[in-house]
Every structure is written in structure tokens, then in C-alpha cells.
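**Student:** whatever this is, show me its structure:
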Amino acid sequence: MLDKPAVENVVILGLGLIGGSLARALRKSGFASRFIGYGHREGSLKRGLELGIIDEYTLDLDEAVNRADILVIATPTLVASRLLEQILPRLKNLQHSPVVTDVASVKGSLRDTALRVHGSMPPGFVLGHPIAGSENSGVDAADENLFVNHRVILTPVEGNSSGAVELVRQMWLSTGAEVVDMEVDEHDAVLAATSHLPHLLAYALVDALAQSEASEDIFRFAAGGFRDFTRIASSDPVMWRDISIANKGALLQAIDLFSDQLGSLRSAVESEDADALYETFSRAKVARDQFSAILAARSE
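**Tutor:** Residues are numbered from 1 along each chain as shown. Okay, the predicted model is just below:
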């Protein structure tokens with residue numbers, strides 16, 4: 001718990017799982033005095049008020065921007081770009097501009113939107129991405145501990161104010177997260193391979209099997225491995241539709257890399273090439289074991 005709030009008002013644009021969890025976590029840490037929600041779905045905002053996640057809400061974007069010390073865009077990626085187009089012109093007329101940040105899984109599309117609308121990177125717009133989530137969505141799933149011991153990636157760019165970057169860094173640190181910096185394009189390439197592609201594969205596998213004539217038996221007798229791998233196919237389809245489009249370039253590269261590897265495996269199975277199969281599986285096991293060790297060390 002902080003000795004005193006770092007800011008007065010944090011305004012959350014989009015009160016879903018991530019936005020709601022951030023508000024809960026920041027309230028717990030004492031980072032801000034007041035939390036205000038903004039969105040188009042008044043039902044979610046009212047529910048956030050009932051749950052004590054926010055103190056009040058508004059349906060007026062001008063009011064949301066004017067009252068914010070920190071403005072967090074916590075909407076699906078494509079919606080975030082459209083919101084940013086509306087927010088940036090409003091900042092030019094304010095004597096005290098809020099620090100603006102986001103939680104989107106793709107950074108390049110928002111950077112490009114900011115450059116197109118503003119002409120240069122606004123000093124107070126800091127791109128961020130918490131590597132945390134759940135297959136559950138909506139404000140009712142908000143969890144004050146969602147970010148504890150999870151990484152948040154900030155992608156500061158030329159033109160950003162060091163003070164704005166530091167304020168966003170302290171905001172995330174107060175949630176219990178580990179904060180790291182990364183270049184925008186590197187972030188999008190890494191996330192395409194480690195997050196966006198696995199979600200795409202999970203959706204594709206479940207969809208393909210669901211359309212099989214044997215789908216009833218397939219799902220009835222599916223074991224733990226299938227359950228664990230396909231769990232993420234229960235994630236929000238709107239969010240992942242937007243991510244797939246926004247990170248198109250990096251995701252296509254990841255899909256092509258995987259497709260080549262899957263093709264090689266298919267050939268090995270078809271030709272009963274035991275050596276090729278064993279070598280592939282062995283390399284993968286070593287890599288996965290190393291990843292497990294990294295995760296274990298991080299949690300110590």
C-alpha cells in the first residue's frame with residue numbers, strides 16, 4: 001500500500017477483465033484516489049459500480065479525458081485505435097493533459113495511429129501490454145491479483161516524456177507486476193509467436209474437430225492434453241479477431257514458420273521417418289524444459 005496516492009483520477013476506457021482488474025489492483029495498492037469508468041455499454045459500467053471496481057462512470061468521452069490524470073485504453077485492439085483517433089485531438093485543447101496508456105496486445109497499430117493523427121509520438125502516450133489474462137472475460141471476472149508476478153511490457157518510443165513513461169511504470173509496479181521495456185516491432189513479433197499463434201491454433205483445432213462427424217465422441221473422450229491446449233479457445237473471440245487483424249504481418253510470418261514445420265512433420269509421419277520424428281520431438285522437449293526452468297526461476 002502506497003503512503004499516498006500517486007494520482008487523483010484514473011479513468012478506464014473499457015471496463016472488462018483487464019480494465020476491471022487494473023482498477024481493482026490499483027485501488028488495493030492505493031495508487032489513485034478515484035476510479036472512473038467510460039464506455040458505450042452502460043450495463044458493464046453499472047456492474048463495475050455495483051462491484052466497487054469504479055467510483056463513478058461517464059458515457060461522455062470529453063468528460064473522461066478532461067478528468068483523467070491517467071487514461072487507460074482497455075478495449076479490444078481495433079477499438080483502441082479508433083478511440084485513440086478521438087482522444088489525441090482533444091488533448092491539444094487541455095491545459096493539463098493526462099498521461100494516456102493502453103493494454104492492447106499489439107503495439108505497432110497504435111503507434112502508427114498516433115503518428116498519423118498527431119504527426120509525431122505524443123509525449124504523454126505510453127504504449128503498454130500486460131502479459132496476463134484469463135479465458136474468462138467481462139467485468140465480473142476482474143481480479144485484483146491478475147498481474148501479480150506477471151510481466152508488463154512497455155514500448156517507449158522517441159518523443160515520449162520520461163516522466164510519463166515512469167508514471168506508467170510505477171502504475172504497473174504497484175499492481176505487483178514485473179515491468180520490462182521492449183521495442184515496438186520486437187514486441188509484436190514475439191507476441192505473434194508466443195501468444196497470438198497459439199490462440200489461433202487452439203481456435204483452429206477446436207473448430208476443425210467440432211465440424212467432424214465424430215465430434216461428439218472426440219470431445220467426450222478427449223484427455224487432459226487436449227483440454228490444456230484448447231483452454232484458450234474459450235477466450236473472447238472479438239479480442240482475438242482484432243489482434244489477428246492488427247498484428248497481421250507478424251502473425252502471418254509466425255503462421256508460415258509453423259506451417260513449414262507442420263509440413264515437415266507430416267512428411268515424416270507419412271514416410272515413417274522415425275529418426276526425423278525423434279529429433280523433432282527431442283529438440284522440442286529440450287526447449288520446453290528450458291522454458292519451464294525459466295518460469296520456475298521467475299517464480300522464486
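**Student:** drop to CA atoms for contacts and neighbour counts, all remaining ones
**Tutor:** Noted.
**Student:** buried residues in stretch 96-106?
**Tutor:** Counting neighbours by 16 or more other CA atoms under 10 Å, one finds that the buried residues in stretch 96-106 are 97-106.
**Student:** can you give me the helices in the stretch 101-250 of the chain?
**Tutor:** Secondary structure of the stretch 101-250 of the chain by DSSP state H, counting those that start in this stretch: the helices cover 108-118, 162-173, 184-191, 197-210, 215-220, 224-230, 237-246, 248-270.
**Student:** need the pLDDT of M1.
**Tutor:** M1 is assigned 77 on the pLDDT scale.
**Student:** look up how far S105 lies from the closest residue to D102 other than its chain neighbours.
**Tutor:** Spatial nearest neighbour of D102, excluding adjacent residues (CA to CA, 6 or more residues apart in numbering): I73 at 4.4 Å. Using CA to CA, to the nearest Å, I73 is found at 12 Å from S105.
**Student:** and what of P198?
**Tutor:** In terms of CA to CA, P198 sits 14 Å off from S105.
**Student:** L257 now?
**Tutor:** For L257, the distance to S105 (CA to CA) stands at 21 Å.
**Student:** equivalent analysis for A132, please.
**Tutor:** Using CA to CA, A132 is found at 10 Å from S105.
**Student:** now swap in P122 and tell me
**Tutor:** P122 is 20 Å from S105, by CA to CA.
**Student:** one more: F281?
**Tutor:** Distance from F281 to S105, by CA to CA: 30 Å.
**Student:** can you check G128 too?
**Tutor:** With CA to CA as the criterion, G128 and S105 are 8 Å apart.
**Student:** just checking, M239 touches V79?
**Tutor:** No: using CA atoms under 8 Å, M239 is not in contact with V79; the gap is 9.6 Å.
**Student:** number of nearby residues for the residue nearest to D102?
**Tutor:** By other CA atoms under 10 Å, the residues close to I73 number 26.
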